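[1] Next one to model:
(chains A and B)
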Amino acid sequence: MSAASYDVVIIGAGIVGAACAHECAAQGMRVAVVDREMVGGGTTAAGMGHIVVMDDSEAQFALTRYSQELWQRLLRDLSPDVEYEQCGTIWVAADAQESEEVRRKETYYRSRGVPVEVLDPQALEQCEPNLRKGMAGALFVPEDAVLYPPCAARFLMDRAQASGAKLHLGMTVTGIGKGQVRTTAIEFSAGTTVNAAGTSAPMLTPGLEIRPRKGHLLITDRYPGFLRHQLVELGYLKSAHSLTSDSVAFNVQPRVTGQILIGSSRQYGAEHGEVETGILVRMLRRAEEYMPGLARMSTIRSWTGFRAATPDKLPLIGPWPEDNTIFLATGHEGLGITTSLGTARLLIDHLTGRTPEIPIAPYLPSRTVAEHVHA
Amino acid sequence: MRKPITVKVNGKPIVVPFGSTVAVAVMMAESACRNSVTGERRGPLCGMGVCFECRLTIGDDSYCRSCQILCQPEMEVRTDG
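    Numbering: from 1, shown residues only, chains lettered A, B, ... in the order given. Coordinates of the predicted model:
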């Protein structure tokens, strides 16, 4: 079996792999992308496409904010089917406790240069008339946006291919390491192998602390004007931080088509990808508590996906300490659509020796290895 | 044998055998069911309520799956949604 030789071989044609291919090919590197299925068909298709700045930690803020700026720089070139819309996020506070969170979040974002606006109950009602009355208030983050993830991945991959990247679909990688990529079809030799295989990443790089976290999504028929911003409950933080139990949260998104994309759920330990009525019903009840009008809507599809979750809620971006030919770009969980572009920039800066615009240290895979050593 | 039923498709009376679905009436009217987001005309595909291609408006109810609903007398069906 002859070995095809590349500067960079990327495992995974999700949005992270596509973004990495886009950056590397644009730098004139010889790039190949391998995926056992299709472009943007895995975890990417289970993402809402919320381009959101998050504040769980300084490192999470840095990567999401930087990545959002990269999306804005790319905006002019995006094809219409990517459906990028800067609709903003409204973080909805249901009670006094969550109102305190509005003020904390306001201070946090404002002090770091992110425009925000506090909405009192009346202003919130004007922004989103179909929210239940009696909310305590909200925080509006106008630069947040939404896009359609599978087409965004396709767009990045198209650009990579236009710059010479080779895409191999329907090819399963059976092993990587020491500059070699073995697949069910051909063998590659690679200066750098990028493991962007999402939840499958630990199969190729044993020892990665990544767990699949299942999520449900549901999309309605077209109801233009019903919803104007991405709405997320501030109680989301309580549920999303739970590392053990299944959780649901109110998280709805207006699509360009007038459809409403409804999330979100998070489950550990689910092995199969089927839609589960129990959790779907919980998710929809939560959505209806916030927007009673959703109950009358016709839904078209519900589906699920698995997101690659790490113990400390930060992705793994950087060289794998046990084999420096391997660069990891995985573990983005629910933020991979946003942070795909920042991840790709950290990769290309690493490969070219440039100083990255944000420090890579918080995302380096060596942080988990170090913990093992001292455990 | 029950009597045929008359429904209106975009205002035009269509007579269908008793037990026909709305999708049948629309096909007898030589119409599609709806417009896609890109403006393509769309009509029944799976015929069993799964693909959602045959959605249309019945009375005041939008997004009805016409392959799953039986024609009733006086039904007003619209396919401009």
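[2] rest of the way, CA atoms for contacts and neighbours
    Noted.
[3] The helix or strand of chain B with the lowest mean pLDDT pairs with which strands, and in what direction?
    For chain B, the helix or strand with the lowest mean confidence is strand B:61-65, at a mean of 93 (criterion: mean pLDDT, DSSP states H and E). Each strand that strand B:61-65 pairs with, and the sense of that pairing, follows from DSSP bridges: strand B:55-58 (antiparallel).
[4] Check the spacing between A:Tyr148 and chain B real quick.
    When C-alpha to the nearest C-alpha, to the nearest Å is the yardstick, A:Tyr148 and chain B sit 14 Å from each other.
[5] so that residue touches A:Ser79, yeah?
    No: the pair A:Tyr148 and A:Ser79 does not pass the contact test of C-alpha atoms under 8 Å, sitting 11.0 Å apart.
[6] so what's the most centrally placed residue in chain A up against?
    Most central in chain A under C-alpha atoms, centre = their mean is A:Gly336, positioned 2.1 Å from the mean C-alpha point. Under the criterion of C-alpha atoms under 8 Å, 6 or more residues apart in numbering or on different chains, the contact partners of A:Gly336 comprise A:Ile15, A:Val16, A:Thr44, A:Gly47.
[7] my guess is the first one meets A:Ala152, correct?
    Spelled out, it's A:Ile15. Yes: with contact taken as C-alpha under 8 Å, A:Ile15 and A:Ala152 are classed as touching, separated by 7.2 Å.
[8] Between these two, tell me which one has more neighbours.
    For A:Ile15 and A:Ala152, the more surrounded residue by other C-alpha atoms under 10 Å in any protein chain shown is A:Ile15, and the numbers stand at 32 against 27.
[9] and the closest residue to that one other than its chain neighbours, what does it touch?
    Residue nearest to A:Ile15 in three dimensions, not counting chain neighbours: A:Ala153, with 4.5 Å by C-alpha to C-alpha, 6 or more residues apart in numbering or on different chains. Contacts for A:Ala153 (C-alpha under 8 Å, 6+ apart) come out as A:Ala13, A:Gly14, A:Ile15, A:Val16, A:Ala18, A:Ala19, A:Val39, A:Gly40, A:Thr44.
[10] What distance do you get for the closest residue to chain B within the stretch 1-150 of chain A to B:Gly81?
    Across the stretch 1-150 of chain A, no residue is closer to chain B than A:Asp81, which sits at 10.8 Å (C-alpha to the nearest C-alpha). Here the criterion is C-alpha to C-alpha, to the nearest Å. By it, A:Asp81 lies 22 Å from B:Gly81.
[11] likewise B:Glu40?
    Remark: distance between B:Glu40 and B:Gly81 (C-alpha to C-alpha) = 11 Å.
[12] more crowded one of those two?
    B:Gly81 (14 against 10).
[13] Now that one. Nearest residue, chain neighbours left out?
    The shortest distance from B:Gly81 to any non-neighbouring residue, by C-alpha to C-alpha, 6+ apart, is to B:Arg34 (5.2 Å).
[14] Let me know the pLDDT of that neighbour.
    Predicted confidence (pLDDT) for B:Arg34: 96.
[15] same thing with B:Met1?
    On pLDDT, B:Met1 comes in at 70.
[16] Would you mind pulling the contact partners of stretch A:70-86?
    Surrounding stretch A:70-86, the residues in contact under the criterion C-alpha under 8 Å, 6+ apart are A:142-149, A:151-152, A:155, A:256, A:341-342.
[17] Would you mind extracting the C-alpha trace of that stretch into PDB?
    What follows is stretch A:70-86, C-alpha atoms only, in PDB (Å, rounded to 0.1, in the frame of the first residue of the first chain):
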ATOM      1  CA  LEU A  70     -13.100  35.600  13.300                       C
ATOM      2  CA  TRP A  71     -16.600  34.900  12.100                       C
ATOM      3  CA  GLN A  72     -17.300  38.600  11.700                       C
ATOM      4  CA  ARG A  73     -14.100  38.900   9.600                       C
ATOM      5  CA  LEU A  74     -15.300  36.100   7.400                       C
ATOM      6  CA  LEU A  75     -18.800  37.400   7.100                       C
ATOM      7  CA  ARG A  76     -18.400  39.100   3.700                       C
ATOM      8  CA  ASP A  77     -17.300  35.900   2.100                       C
ATOM      9  CA  LEU A  78     -19.900  33.500   3.600                       C
ATOM     10  CA  SER A  79     -22.200  31.900   1.100                       C
ATOM     11  CA  PRO A  80     -26.000  32.700   1.600                       C
ATOM     12  CA  ASP A  81     -26.800  29.200   2.600                       C
ATOM     13  CA  VAL A  82     -24.600  29.600   5.800                       C
ATOM     14  CA  GLU A  83     -27.500  31.900   6.900                       C
ATOM     15  CA  TYR A  84     -25.300  34.000   9.200                       C
ATOM     16  CA  GLU A  85     -27.600  36.400  11.100                       C
ATOM     17  CA  GLN A  86     -26.400  38.700  13.900                       C
END
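[18] Let me see the mean pLDDT of it.
    Averaging the model's pLDDT scores along stretch A:70-86 yields 97.
[19] Tell me which of A:Tyr148 and A:Ser79 has more neighbours.
    A:Tyr148 (21 against 14).
[20] Thanks again, I'm all set now.
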